[in-house]
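K.L.:
Here is a sequence with its predicted model. Questions after.
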Amino acid sequence: MPADELDARILALLLEQPRTSVREYARILGVARGTLQARLDRLDRDGVITGYGPRLSPEALGYRVLAFVHLEVTQGHLDATGRALAAVPEIIEAFSITGGGDLLTRVVARDAAHLEDVIQRLVQVPGVVRTRTEVALRERVPQRMLPLVREVGRDAAAGRTP
């Protein structure tokens with residue numbers, strides 16, 4: 001179910017003020033608390049809201065190096081390899097992809113030597129044929145959803161559907 005204008009306003013508020021109570025959100029939005037709670041429940045159920053909790057900084061936890069590691073995987077082993085990669089704590093995201101490689105992982109490390117150790121561990125995962133690593137120098141656009149939510153709200157207000 002596509003989000004409507006009120007859904008977009010709710011989502012924007014959740015992103016802008018994540019530590020506010022449901023009662024306060026309802027007051028700010030000018031809707032009944034029950035209405036807001038029903039919307040939140042639906043957004044949860046529909047998978048629009050995928051989690052609640054703090055976003056943590058790997059850098060602040062001592063993981064100052066961010067790298068994107070492309071993995072080429074033996075044909076037919078993508079699922080098993082993906083499950084094995086889940087055991088590597090330095091992999092904070094992994095996606096199956098098209099193009100150059102089969103999996104793209106976002107990897108954090110304490111320093112360059114630690115990154116090399118992580119890559120050596122990845123090469124030993126059954127099914128991994130080869131890796132290619134790109135080290136991020138600086139974050140230019142942080143992970144964000146608010147501009148997208150605002151666009152959804154504008155589209156809904158204008159009667160456009162995605």
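P.N.:
Yep, that arrived.
K.L.:
Next up, the contacts around residue 134.
P.N.:
By CB atoms under 8 Å, 6 or more residues apart in numbering, the contact list for residue 134 reads 67, 68, 69, 70. The C-beta positions use only the backbone N, C-alpha and C, and glycine is treated the same way.
K.L.:
quick one: contacts of the helix or strand hosting the first one?
P.N.:
Residue 67 belongs to strand 65-73 when assigned by DSSP states H and E. The contact list for strand 65-73 (CB under 8 Å, 6+ apart) reads 58, 81, 85, 97, 100-112, 114-115, 119, 122, 127-136, 139.
K.L.:
from those, which ones fall inside helices?
P.N.:
Among the contacts of strand 65-73, the members falling in helices (DSSP state H) are 81, 85, 112, 114, 115, 119, 122.
K.L.:
one step back: in the strand holding residue 67, what's buried?
P.N.:
65, 66, 67, 69, 70, 71, 73 (16 or more other CB atoms under 10 Å).
K.L.:
Just put these in JSON lines and tack on pLDDT and distance to residue 40.
P.N.:
Compiled in JSON lines, the buried residues of strand 65-73 are given as follows (pLDDT from 0 to 100; distance: CB to CB, whole Å):
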{"residue": "65", "pLDDT": "98", "distance to residue 40": "37"}
{"residue": "66", "pLDDT": "98", "distance to residue 40": "32"}
{"residue": "67", "pLDDT": "98", "distance to residue 40": "36"}
{"residue": "69", "pLDDT": "98", "distance to residue 40": "36"}
{"residue": "70", "pLDDT": "97", "distance to residue 40": "38"}
{"residue": "71", "pLDDT": "98", "distance to residue 40": "37"}
{"residue": "73", "pLDDT": "97", "distance to residue 40": "39"}
